[in-house]
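Chemist: could you look at this predicted model? Sequence included:
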Amino acid sequence: MTNISYVKMGNMSHLDGEYLLEYINETGNYSRLGEVQRVFYNRVPKCGSRGVHAVFGVLARRQHWKLRRHPVNGPYHLSIFRVWQFVDHFNSIPGPFVYTGHIHMVNMQKLGVPNPVYINLIREPAERAISHFYYSLFGSTNNVRYGMKGRTMEDCLEEIECEELNPSMVLRFFCGHMSLCLDADDMVSIVAQAKQNVEKFYLTVGLTEHQADFMEVLETLMPRFFFNATAIHREKEMESIQKFKTSNKYEVKPKSMEKLKYMLGWEYEFYNFIKQRFFNQLNIVKQIKQSNATI
């Protein structure tokens, strides 16, 4: 059985998230999640993360933990030097905390530092791509941009290479900082590495279309951080939808949608993997809740 131990770093001791998840997979025992002090939500753009962040802000105040944000305009993929800087900074933050930011997954153990517990959320690929396309041009209700008026997703799909589409973007958030993760000609390896990292490092990866279920998983498995997340999400859901709604988003024609889904084939493979994993986990969570209710 996997041995779980605390690693001393400076004047703090950290529980390694990778070994903890391996222990959970072996035993089905989630109780030691209560010992976790560090959670990393490396949020994927245009997957509802700002609404999730709003819920986390309320939870941080009520549950007495810190919500830390990565620099908003920082790069998603860091140089080797900046990875070292980031890990050093992350490791210096006293827990308990949730760190959020648009940054590719970092395997801190490779640098001799215990990994946090990762969480994330992804969206139906075509819907995410459309939202990302129009957001890159026009922003959202609370962050208006002035892009090229009249430009549509159909225009993008007719081009040889649509700059705003970036079909490997989501995969790289889970693939991490390995050199292969930037090789657009080797999508097989990128998808395989992304799946492997999810299994090893992520407690849960939810779906934007089932965000309430994502909150239910979090509050059940990690109540120290996320107690009552479902109720708070319900209270703030409509406010977040209106506040963060992408501006000037046009409906995509069926023929163009078919082409878009074909272009996002690798992302759909990953999405379907996450979808199956998440609903399996949701069933486990409901069993845990039912079991607790009968005690």
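Modeler: Good, I have the coordinates.

Chemist: and the top helix by length along the chain, which residues are buried?
Modeler: Among the segments of the chain that qualify as a helix by DSSP state H, the longest is helix 265-293. Neighbour counts over helix 265-293 (16 or more other Cβ atoms under 10 Å) mark 266-267, 269-271, 273-275, 277-278, 281-282, 285 as buried. In short, each C-beta sits where N, CA and C put it, glycine included.

Chemist: same thing with stretch 182-192?
Modeler: For stretch 182-192, a neighbour-count test (16+ other Cβ under 10 Å) marks 187, 190-191 as buried.

Chemist: pull up the distance across stretch 40-53, start to finish.
Modeler: The first and last residues of stretch 40-53 sit 12 Å apart, counting by Cα to Cα, to the nearest Å.

Chemist: where do the strands sit along this protein?
Modeler: Using DSSP state E, the strands assigned to the chain run over residues 6-9, 12-15, 38-41, 66-69, 97-100, 117-122, 139-140, 143-144, 202-207.

Chemist: by mean pLDDT, show me the worst of those.
Modeler: Taking each of those in turn, the lowest mean pLDDT turns up on strand 143-144, with a mean of 44.

Chemist: and the furthest pair within the buried residues of helix 265-293?
Modeler: 266 and 285 (28.8 Å; Cβ to Cβ).

Chemist: pull the helix or strand with minimum mean pLDDT from the chain.
Modeler: Least confident element among the helices and strands of the chain, by mean pLDDT, DSSP states H and E: strand 143-144 (a mean of 44).

Chemist: low pLDDT regions in the protein?
Modeler: Counting by pLDDT under 70, the chain shows low-confidence ranges at 1-14, 138-150, 160, 163-164, 237-250, 293-295.

Chemist: work out which residue lies at the spatial centre of it.
Modeler: Within the chain, one residue has its C-alpha closest to the average C-alpha position: by Cα atoms, centre = their mean, that is residue 120, at 2.3 Å.

Chemist: how much space separates that one from residue 44?
Modeler: 6 Å (Cβ to Cβ, to the nearest Å).

Chemist: spit out the residues that contact those two alike.
Modeler: When contacts are counted by Cβ atoms under 8 Å, 6 or more residues apart in numbering, the set common to residue 120 and residue 44 consists of residue 173.

Chemist: would you map the helices across the protein?
Modeler: Assigned by DSSP H, the helices in the chain fall at 17-27, 49-63, 80-92, 125-138, 153-158, 169-175, 187-201, 211-221, 223-226, 229-243, 254-263, 265-293.

Chemist: nearest to residue 114, of those helices?
Modeler: Closest to residue 114 of the helices of the chain, according to Cβ to Cβ: helix 17-27, at 7.1 Å.

Chemist: and that closest one, what does it pack against?
Modeler: When contacts are defined as 3 or more Cβ pairs under 8 Å, 6 or more residues apart in numbering; DSSP states H and E, helix 17-27 sits against strand 117-122, helix 187-201, strand 202-207.

Chemist: now find how far off-centre that helix is within its chain.
Modeler: Between the mean C-alpha location of helix 17-27 and the chain-wide mean there is a distance of 19 Å, by Cα atoms, centre = their mean, to the nearest Å.
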